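1. Sequence first, predicted model second:
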Amino acid sequence: MSPESKKLFNIIILGISFMFIFTAFQTCGNIAQTVITNLNNTDFHGSGYTSMSIIYGVFSASNLVSPSVVAIVGPQLSMVVSGIFYSLYIAVFIQPATWTFYTASVFIGIAAAVLWTAQGSCLTVNSNENTIGRNSGVFWALLQSSLFFGNLYIYFAWQGKTHISESDRRTVFIALTVISLVGTVLFFLIRRQEDAKTPGEEDSANEIPGDSSSAENKMTRAVAAFKKSIKLSFTKEILLLSVTTAYTGLELTFFSGVYGTCIGAVNRFGSEEKSLIGLSGIFIGVGEILGGGIFGLLSKNNRFGRNPVVMLGIVVHFIAFYLIFFNMPNNAPIASMEGTNDVAYMIPSKEVAILCSFLLGLGDSCFNTQLLSILGFLYSEDSAPAFAIFKFVQSICAAVAYFYSNYFLLQWQLLIMVVVGFFGTMTFFAVEWEAAAALAARGSDYSSI
């Protein structure tokens, strides 16, 4: 197998592994609050929103040290261990208890930081400036396929149900735990990039399963990675991209946890209200896959760079927010187990609700594929600190959003996303224009990014 084929193989395996793990985790996140409100056990006092807030809060803090962990352990082993913790968190729902639920939330927050930092390192090692756009798109499309498969099962399994029984819950979460473990095992298929080394580079930059360096060298790299993360976080490019990243954290919370809960709380959807949560997740996945495929696989033919894709993303999201504002009752995110009979500015429409799911997924893929691409391009020599900062900002904003989702009505959640999304788009444009100018100065073709 040629070096380029080996790199593409690694990207595909990386994407498939994440697809399995996040088929389980994203389906879990999508239905968690609905499952919890249907629990018969009065001893359980957990909240799906609070759990996700803990996860993303710990996730954000852990991103400060995750580059050091990846430098010591290596990307492949880091992803394997992280995948095991994802599986344990999902398994908690089989027989939930408040203390295990929140304890698992803390551990998965740490695991998530290590997983995503290792993913960014693996993606960059197996890409160059000509393939980073394609590889980001391939990975993103495979990752977001996860929204399709898990939610397809939820749609059919919960068809016609207005209450989720213990048997329903256990069946779903046993299956999701097994799926997550399959994805974890697949990380072992990623191959080491021996050919990618250049003279003077550290071995660890290209070795996927880890290296045999001395403990002293590993600790030196760990400290260096931590210092670089701190220094990098105050650069102009990272500060500007942090606004864009903050927006992706807010809208991630909304489409992955809040919007499904809103749909499941609308009594006017009748007996389909619970199964519509699964259908919503499917169409979010369709939007994600379509966006990842188009903007990733066709990136080499894009003469205009990343800005038009991000512009499309914000326009699509603003349309979705407008329709959701008119279609969904204001109290839907915080409705009780009985749901809500309120009406917004139109009679709640299933078709409009599912259309908005698709638009949310499409817009999210626009932002995330281009953020992955520009980070891989700007920091191709040492990507782990840059990806760690990206996940730090994204996850801390997601944590904040999950926290206020316990209290804020729908209109205020939408308004916050509109304001941050507008400024995030502007700051991304500024960084992309600088990247294009730098590329032109080097004499490279702009379409290659």
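-> Received, thanks.
2. Can you give me the neighbour number for Gly133?
-> 30 (other C-beta atoms under 10 Å). Backbone N, C-alpha and C define where each C-beta goes, glycine included.
3. Where in this structure is the helix or strand with the lowest mean pLDDT?
-> Least confident helix or strand, the chain: helix 215-232 with a mean of 71, by mean pLDDT, DSSP states H and E.
4. moving C-terminal of it, what's the next helix or strand?
-> For helix 215-232, the following helix or strand on the C-terminal side (DSSP states H and E) is helix 236-253.
5. Which strands or helices does the helix or strand just after that next one pack on?
-> Of the helices and strands lying after helix 236-253 in sequence (DSSP H and E), the nearest is helix 259-265. Packed against helix 259-265 by the contact rule (3 or more C-beta pairs under 8 Å, 6 or more residues apart in numbering; DSSP states H and E) you find helix 3-37, helix 275-292, helix 350-378.
6. Need the CA coordinates for helix 259-265. PDB is fine.
-> C-alpha atoms of helix 259-265 as PDB (Å, rounded to 0.1, in the frame of the first residue of the first chain):
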ATOM      1  CA  TYR A 259     -34.000  20.400  20.200                       C
ATOM      2  CA  GLY A 260     -34.900  16.700  20.600                       C
ATOM      3  CA  THR A 261     -36.200  17.300  24.000                       C
ATOM      4  CA  CYS A 262     -38.400  20.100  22.600                       C
ATOM      5  CA  ILE A 263     -39.900  17.900  20.000                       C
ATOM      6  CA  GLY A 264     -40.600  15.100  22.600                       C
ATOM      7  CA  ALA A 265     -42.400  17.600  24.800                       C
END
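7. Mean confidence (pLDDT) on that helix, please.
-> Mean pLDDT, helix 259-265: 86.
8. For that helix, buried residues please.
-> Tyr259, Gly260, Thr261, Cys262, Ile263, Gly264, Ala265 (16 or more other C-beta atoms under 10 Å).
9. which residues touch the second one?
-> Residues counted as contacts of Gly260 (C-beta atoms under 8 Å, 6 or more residues apart in numbering) are Asn30, Ile31, Thr34, Ile277, Ser280, Gly281.
10. Distance-wise, check Asp323 relative to Thr177.
-> If you look again at residue 323, you'll see it is Leu, not Asp. According to C-beta to C-beta, to the nearest Å, Leu323 stands 35 Å off from Thr177.
11. the more surrounded of these two?
-> Ranked by neighbour count (other C-beta under 10 Å), Leu323 and Thr177 place Thr177 first, with 20 against 17.
12. Can you give me the distance of the more buried one to Pro3?
-> 37 Å.
13. would CSV of the helices and strands packed on helix 259-265 with distance to Ser68, mean pLDDT and mean neighbour count be doable?
-> Below are the helices and strands packed on helix 259-265 laid out as CSV (distance: least, C-beta to C-beta, whole Å; pLDDT from 0 to 100; neighbours: other C-beta atoms under 10 Å):
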stretch, distance to Ser68, mean pLDDT, mean neighbour count
helix 3-37, 21, 85, 22
helix 275-292, 30, 85, 25
helix 350-378, 19, 89, 24
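14. Looking at the ones you listed, which is nearest to Ile55?
-> Ile55 lies closest, by C-beta to C-beta, to one member of the helices and strands packed on helix 259-265: helix 3-37, at 8.8 Å.
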